[in-house]
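Engineer: Sharing a sequence plus its predicted fold:
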Amino acid sequence: MTLRFVDEAEGRRLNRDYRGKDYATNVLTFAYDSPLTPHASPLSGDIVLCAPVVAREAAAQGKPCEAHYAHLVVHGLLHLQGYDHEDEREATAMEAVESFILRRLGYPDPYALP
């Protein structure tokens, strides 16, 4: 697994090129699952964090940047394991696992209301 930190220009380019969305997003996950690696480990892939976006979101949400980074790394790791949040049921399940892991790591639940 590779964990990369990028600036806003690269984050925007990656999101545009791979997801068709022309803006920088907080985290992108690229699983190493291809015909060349059909039996890749469940944690094989790249997690790309856009540092300026993460910092802005943490400030806007009134949370420590470290806690937001921890949340997004956990989020990316779950994507590498096949979790998704395309519909409400998937999102609820993924958020519950994220909350559980982050509490175990000593971080607050990112979905708890202030």
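Structural biologist: Arrived safely. Quick caveat: nothing in here was measured; it's all calculated off a predicted structure. Numbers count the residues shown, from 1 in each chain.

Engineer: contacts and neighbour counts: CA atoms only from here.
Structural biologist: Will do.

Engineer: Now do the SS call for I47.
Structural biologist: Assigned by DSSP: H, G, I helix; E, B strand; the rest coil, the conformation of I47 is strand.

Engineer: tally of neighbours for it?
Structural biologist: 23 (other Cα atoms under 10 Å).

Engineer: Hmm, A70 is touching L102, no?
Structural biologist: Yes - shown here, A70 and L102 form a contact pair, counting by Cα atoms under 8 Å, at 7.5 Å.

Engineer: May I have the secondary structure class of R4?
Structural biologist: Recorded secondary structure, R4: strand (three-state DSSP).

Engineer: residues in contact with it?
Structural biologist: By Cα atoms under 8 Å, 6 or more residues apart in numbering, the residues touching R4 are D46, I47, V48, L49.

Engineer: switch the cut-off to 7 Å
Structural biologist: By Cα atoms under 7 Å, 6 or more residues apart in numbering, the contact list for R4 reads I47, V48, L49.

Engineer: Same check on E8?
Structural biologist: Applying Cα under 7 Å, 6+ apart, the residues near E8 are A24, C50, P52.

Engineer: pretty sure the last one is in contact with D7, am I right?
Structural biologist: It refers to P52. Yes - using Cα atoms under 7 Å, P52 is in contact with D7, at 6.5 Å.

Engineer: These two: who's more crowded?
Structural biologist: Legend: neighbour count by other Cα under 10 Å for P52 and D7, higher for P52 (18 against 13).

Engineer: so what secondary structure elements neighbour the helix or strand where that one lies?
Structural biologist: Per DSSP states H and E, P52 falls inside helix 51-61. In terms of contacts (3 or more Cα pairs under 7 Å, 6 or more residues apart in numbering; DSSP states H and E), helix 51-61 is packed against helix 65-80.

Engineer: chain center to the helix it packs on: distance?
Structural biologist: Chain-centre distance of helix 65-80: 5 Å, with Cα atoms, centre = their mean, to the nearest Å.

Engineer: Please apply the same query to stretch 100-114.
Structural biologist: Per Cα atoms, centre = their mean, the centroid offset for stretch 100-114 relative to its chain is 15 Å.
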